[in-house]
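> missing the sequence, but the structure's below:
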């Protein structure tokens, strides 16, 4: 890179701003970083900004490529820019009588608060500090500034533990018997500056650099170096910021808020970032430097009080910040300094905000005509809607405790309750003891559904984002944390251990399904206002929050192209989803229906049957039950399309567990060797052994089941079409879409389609009514994706089952992969959990192939997604960009999907960019 | 299709042959079928062939498309062709005084013996039979011919049970008190002809058609119709013949072998089709029609005796068949008839032969300079080499028994022995009782290796072509039948039941691993001569069979482009493979090494370790053992490349089974509740539970294991590189290729590569020797195939692990899929078991993508296959066509792979077509 750097000597590496004019402008965030672009924009807008210059992010990249050295040209341009500042300020950098002092700060494209390091008061040395003292007539201020500079430089540039410096200040205060820094006298600071230089010498083996240019270059390089400090890396990872962006370096003339009682420094927001309320919000300190506010050394005052303390500066601040909010059309998070009565704006940027605030601010600004509804839609992060829908911990209470372990955030929301270890216990404790419970299991299974229904929350020690607990939790809207590997469960003693502590049945715990955290105490939760309205417990007219939420989503619906469906298995789920805005059911799983009421018994009879006749007898009993279920769902959906998947899981899931049977029989053989129960259980075990699979996920399930036992599919198809006919006869429109699961071969789909067509046509003909129905398939086996052209010949729609497709494309069992996925995420082998966000680079390639091949065969083929990814904004973006017709997700994610779909449409199709 | 038929009136549908000249020729097999093309070619070559015509296979396709009707044009052309025959023969079709009689036969592109139906003597009716009797002066012959015609027509065209006719003949013989047909008199046949017509009338409700043209058209349509009879469909399925080909219909002047003692009929081969011996081979009958020979009604005489009976005809037959063999350059399977002393050739075709015969004939013919070595290579079906390598049942003994059940032909070869149900029993019975055993298990696991080693054969009731039993069986060369679903094992009683019979431990059974058949008795087996030579038990100079085998493979080596490697885990396997012609090891599985000797115990210590330190302590003990293994393998391979795969299976495979532990603990808790063993076993169970996976195939295995416990990979990599160094120091060249299993993400491979490079470079540097090594990966996860461009950035070679790739692409667990794959094959949803022959249409698409992407990134990337498909000829063809560098298969399949690779090269690259 040395050569490249050399070759591009003419390149512009340094951008000046000051005197009402800047080389750059506000849109150059890539090159100048957010802060640099903001300073340029503010300067150009006539805001009083101390002059300075920005060294570009290009230099950062060259710095790393060139063994941590900036190109010569960048260094030369920096010297030139400094001359311009000197000219504007009428001071010289390094002048011993009236030194120009500067700050050096990082500034990446995206704001990374607290992640990067800052050096202030740069340019001071043993000589110029005297000049500064003489010039300002304020020795206290000058030596305080000098010691601050040494301290910050020591910490940031030389990597010296800050505590060493703080300790000396404390000692000095003890010696002087005073409490605050302000109570120290100038001589104290002078003495401390000497002591600090001694620390630097001792810690680094070198004297504190006296040459201001050396100070500047070392600081600049330290800022570039800090781009890759661990905190910065972690922040980027958590916030999806690419490591390639790099940071810019901003060098800016120092202004001082600590030059006496007409000086001050502060930070603020143009609106409340927690609630979104339209109120000037912030805090300030008289006679302090900015870092004092941030560091919390003294308690700052609410900004409203500044009107009294510094009325002129306050008035100007209000005027400028109002102007800035209008200019940027968003809440501004600003920093300012008043130096001897004169206001300087140091920084402004779009303010971070909570989910509820994001919605309120966006909607308010549309109503204020500050932004358009399209801008509002793009501006709200869809994921943040979660906070409006799920119960959350009382934030104050939450701060008081720390988490005991962390698992996967499997189903969002906060829950608190007593620990139970079995589904039966959950039901008993809730019904008889009238207490709230958290169900703790190694992993849940369909057997646990009744317990999951009554539990406040679910925790599992194994399993991933699409394990049974996670999927059902999201479906029910019940908070769940999954794969909490540090939790070791002992079912026998009804205890679990975590971090050396043992938790017994009945102990209170809390879980946060949005973060994956476990807490070993009760934390009060707050109900979500929106949910209260949606569930009819609160009058919508009384909830401004609900009104805002509804308006925002109505705008989203205007712009989105994707249809939004829901995954729902019951009329209840379906109704809830319709209220949330679902336009159809994308996935109705029929298997859960077999666990309800007395059905499991009949299902087991069917499975235990040794011949087709007795199998059919059991199925005949199930038919009217399934039909009733479907009628309920069709009614709830009122003519919206309902995609019903035929039986998918392997049959052994409906029988008792193999190992349990083995243990019970072995025990009975010792205790009651002649018990007839042994024979009876042995029969069940024999069938379970028959059906036993080493890898059930890759076994006899999906359409393989339906093709092997056609009478099972027959019953289900009959139930679907007869239910639809019955509805249509009662003038309830019904649009069934029969979905064949797990096809991988054209012939599978062809056979299944043939069977379904026959049954449907016969039934419709007999009933003499018109029922519009479709027969399509899930694409969830890699082979189906690779041969989608062939499968599309016989399928009327595709729905990507991205859970299974991810499982098979990666070769990860969603029930087992939790442990190594966690390891992979920790060690950056995986950037994201592919069960949470669609793996666009791998699984996505297969999906793109399938969409292309499928539509080549059948132009206009209806394509949807019904995996868990259907509710993930990034995955929805992918679906939009790849021409899907709809996404389907759990009822509680429908609003998120609506918003995400609108954003995808605005950002991609309309080329719409916010601001 | 009626329109198409109409539009193409000018198309030629009927090809005439006769009088030394034919419309068609021998290369028109697609259009005329094998038989029709042969008749045309023979006619053109001057062979005495009764004149006739062929209705093309195109007509067959049109027949099916046009609702079982031939196009009008074809029918018209048939009438024209008949006129030509009449002119040549000087007889009229349907003439009442001297009728022209014809045969109607099917003839598809590929010979399908016994599959299609034939009608002889067509043209006879109540009037012309009298004419025939008068003309030949042989009433017996005439009415015999007539009743035969009615019988055949009744059976073939009218679908009447042949038994009804045969019954009447028997009755007639009883009445006459004679034993054979020949003893009946003319009146008997006359009477039987009447009776037969009565049967036709009774069975069909219509009179036997008297119009010869109606007879002809009905017969023609019946032949076309028989293309889709169940026998034909089954034969095509078994022999990989496309249903689209269709059959032609051959109509040919009848000649009669049953016109007295100067007439005869026979069939023969120019060489012995069973052994390949160069000897005129066949049988004939005096005064008989062809069907008598085939049907086995009378016992025919060996053809040599014909020299005495019919010297002139015999001499001509020898001359003509010799000429035909030279003409066709292959063994001829011919049919002839002598009519009153004059020889007619009815058919000739390339003769089917056994594997051993195929080799001998091909090699002999090269030596005779009849064909080139390239032709010899192309002519021998690689799969037929199997018969030369594995023990087979004595064919005579085999005929005496029928199979009790059928499973998958998992590892070829015949075996017979006493039933045992556990590996321990197998060892005990073999060592102590000195008896041969067949190990019968539901499925085998690595725990059973010691028993599998000593068993003659292995049978499992579940599992597929790549289940543990199948893979290990092929590896060891031990016959195995897998997934015999009808066999129900009761381990407790040490019995299994099949088809209502119970088989006890110690009972004799036999299995045929080449067909999948199970027999409930002992069948003597024959050792393979080649194997005796290869294993040093027979002097190669004494075995002509071995010499032929060796020569053929040497020619194959001249032409093949693909390298052939072997899958071998031990020095023994490796040495055997080298003798078989392996050029390297494509897959050395390290996990089997951990089961040997005392290693399992150390391995278990390693797994039970709760911290890295004790884990490393156990690994340190394993290091020298693995190193020793690798040294042995490097020595055996003498400088050939050795691809070693790092540990692949999940760790719980090395621990006792979860359910067994649960049962044992439950029992102990009742019987000896305070036993310290409970605690000890509980500890193991806790770890097993920790490691338990619902779908181990998709769990913590392959590189996921190595990346999670880097110390395990570290030990293995050290063992490999140190073994190589030690060899090189001793002047034994060693070329290790370290293979990372189950990568799916570029970062996985990058990390694994980094670790391996570090260890290898350090070791090589320290040792100061040069060791050429490569570090690459298996491509077995669909995601790896889809992102091969990225993975190739960090992998030095690709080896397709098509077992896993097939599992994940289809979503089939190889241990479980047996049952539904069988169902899918039976119902034609699958054409072939994808674990046996590579699924080119699905998995193959992913492989093609991976090869393309991989070489885009890394041109010349070394690409191989090490799944079980590496030994399957069709899959080898695919590998050749897609630019692979090598295939790797079990030692016993190496010769097959060498031949298959040569054929692939000759047939594809050189565009070489045999004949």
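Received the coordinates, thanks. Here the structure is a predicted model, which is why all the values come from computation and not from measurement. Numbers count the residues shown, from 1 in each chain, chains lettered A, B, ... in the order given.
> who in the stretch 651-800 of chain A is up against chain B?
Residues of the stretch 651-800 of chain A lying close to chain B by CB under 8 Å from any CB of the partner chain are A:658-659, A:662-663, A:666-667, A:670-671, A:693-700, A:704, A:707-708, A:742, A:744-745, A:747-748, A:751, A:780-783, A:786-787, A:790. All C-beta spots, glycine's among them, are computed from the backbone N, C-alpha and C.
> I'd like to know which of the residues you listed are buried.
Among those, those buried by neighbour count (16 or more other CB atoms under 10 Å in any protein chain shown) are A:658-659, A:662-663, A:666-667, A:693-700, A:704, A:707-708, A:742, A:744-745, A:747-748, A:751, A:780-783, A:786-787, A:790.
> mind checking the SS state of residue A:285?
strand (DSSP: H, G, I helix; E, B strand; the rest coil).
> packing partners of the host helix or strand of residue A:681?
According to DSSP states H and E, residue A:681 maps onto helix A:676-691. Judged by 3 or more CB pairs under 8 Å, 6 or more residues apart in numbering or on different chains; DSSP states H and E, helix A:676-691 is in contact with helix A:599-608, helix A:658-671.
> could you rerun that using 7 Å?
Under the contact criterion of 3 or more CB pairs under 7 Å, 6 or more residues apart in numbering or on different chains; DSSP states H and E, helix A:676-691 touches helix A:658-671.
> so where's chain A shaky on pLDDT?
A:1-9, A:112-116, A:238, A:290-298, A:466, A:909-915 (pLDDT under 70).
> what's the single longest helix in it?
helix A:612-637 (DSSP state H).
> which residues touch the helix or strand just after it?
Once the chain leaves helix A:612-637, the next helix or strand it forms, by DSSP H and E, is strand A:641-645. The contact list for strand A:641-645 (CB atoms under 7 Å, 6 or more residues apart in numbering or on different chains) reads A:584-590, A:630, A:633-634, A:720, A:735-739, A:741, A:778, A:799.
> just those: which are in helices?
Under the assignment DSSP H, the contacts of strand A:641-645 contribute A:630, A:633, A:634, A:720 to helices.
> which one is the third one nearest to, not counting chain neighbours?
Think residue A:634. With CB to CB, 6 or more residues apart in numbering or on different chains as the criterion, residue A:634 has its nearest non-adjacent residue at 4.0 Å, and that residue is residue A:734.
> wait, residue A:661 touches residue A:688, no?
Yes. The criterion here is CB atoms under 7 Å, and residue A:661 meets it with residue A:688 at 6.2 Å.
> so who does residue A:81 touch?
Residue A:81 touches A:14, A:16, A:53, counting by CB under 7 Å, 6+ apart.
> my error: substitute residue A:254 in the last question.
Residue A:254 makes contacts with A:101, A:102, A:103, A:120, A:121, as judged by CB under 7 Å, 6+ apart.
> repeat for residue A:652
Residue A:652 touches A:688, A:691, A:692, counting by CB under 7 Å, 6+ apart.
> chain neighbours aside, what residue packs nearest to the last one?
Sequence neighbours aside, residue A:658 is the residue nearest to residue A:692 in space, at 5.8 Å (criterion: CB to CB, 6+ apart).
> quick one: the one you found and residue A:691 touch, right?
No. Using CB under 7 Å, residue A:658 is not in contact with residue A:691; the gap is 9.0 Å.
> circling back to that earlier point, restricted to strands, list the buried ones among the residues of the stretch 651-800 of chain A next to chain B.
Residues of those located in strands (DSSP state E): none.
> quick check: the closest residue to chain B within the stretch 701-850 of chain A vs residue B:381, distance?
In the stretch 701-850 of chain A, the residue found nearest to chain B is residue A:813; the distance is 3.6 Å by CB to the nearest CB. Residue A:813 sits 41 Å away from residue B:381, taking CB to CB, to the nearest Å as the criterion.
> residue closest to the middle of chain A?
residue A:383 (6.1 Å; CA atoms, centre = their mean).
> my read: that one touches residue A:871, true?
No. Counting by CB under 7 Å, residue A:383 does not reach residue A:871; the two are 9.8 Å apart.
> dihedrals phi and psi, residue A:458?
Dihedral pair for residue A:458: phi -130, psi 140, per degrees, to the nearest 10.
> actually residue A:523, not the one I wrote
phi -130, psi 130.
> got the contact list for it?
Contacts of residue A:523 (CB under 7 Å, 6+ apart): A:393, A:397, A:398, A:401, A:416, A:510.
> swap the cut-off to 10 Å and go again
Shown in contact with residue A:523 (CB atoms under 10 Å, 6 or more residues apart in numbering or on different chains): A:393-394, A:397-398, A:400-401, A:414-416, A:508-512.
> out of those, grab the one that's most surrounded.
Neighbour tally across the contacts of residue A:523 (other CB atoms under 10 Å in any protein chain shown): the maximum, 33 neighbours, falls on residue A:511.
> surely it is in a strand?
Yes. The assignment for residue A:511 (three-state DSSP) places it in a strand.
> just grab the bridge partners of it for me.
Per DSSP bridges, the residues bridged to residue A:511 are residue A:415, residue A:518.
> how much space is there between it and chain B?
22 Å (CB to the nearest CB, to the nearest Å).
> relative to residue B:720, how far out is that residue?
Residue A:511 is 46 Å from residue B:720, by CB to CB.
> ranges for the strands of the stretch 351-500 of chain A?
For the stretch 351-500 of chain A, strands defined by DSSP state E, counting those that start in this stretch occupy the ranges A:392-393, A:405-406, A:408-411, A:414-420, A:437-441, A:457-460, A:480-482, A:488-490, A:495-498.
> single out the most deeply packed of those.
The highest mean neighbour count among the strands of the stretch 351-500 of chain A, using mean count of other CB atoms under 10 Å in any protein chain shown, belongs to strand A:480-482: a mean of 31.
> list the strands paired with it, with their directions.
Its sheet considered, strand A:480-482 pairs with strand A:408-411 (antiparallel), strand A:457-460 (parallel) by DSSP bridges.
> could you dump those to JSON lines with distance to residue A:153?
Conversion of the strands paired with strand A:480-482 to JSON lines gives the following (distance: least, CB to CB, whole Å):
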{"stretch": "strand A:408-411", "distance to residue A:153": "41"}
{"stretch": "strand A:457-460", "distance to residue A:153": "48"}
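> and residue A:903, which of those strands is closest to it?
Of all the strands paired with strand A:480-482, strand A:408-411 sits nearest to residue A:903, with 21.8 Å by CB to CB.
> confirm residue A:565 sits in a helix?
No. Assessed with three-state DSSP, residue A:565 is strand; it does not lie in a helix.
> from chain B, how far off is the spatially closest residue to it that is not a sequence neighbour?
Spatial nearest neighbour of residue A:565, excluding adjacent residues (CB to CB, 6+ apart): residue A:586 at 3.5 Å. Separation of residue A:586 from chain B (CB to the nearest CB) stands at 21 Å.
> give me the neighbour count for residue A:586.
Neighbours of residue A:586 under the rule other CB under 10 Å: 29.
> and the angle for the helix holding residue A:681 with helix A:658-671?
For helix A:676-691 against helix A:658-671, the angle by axes from the mean of the first three to the mean of the last three CA atoms, to 10 degrees is 150 degrees.
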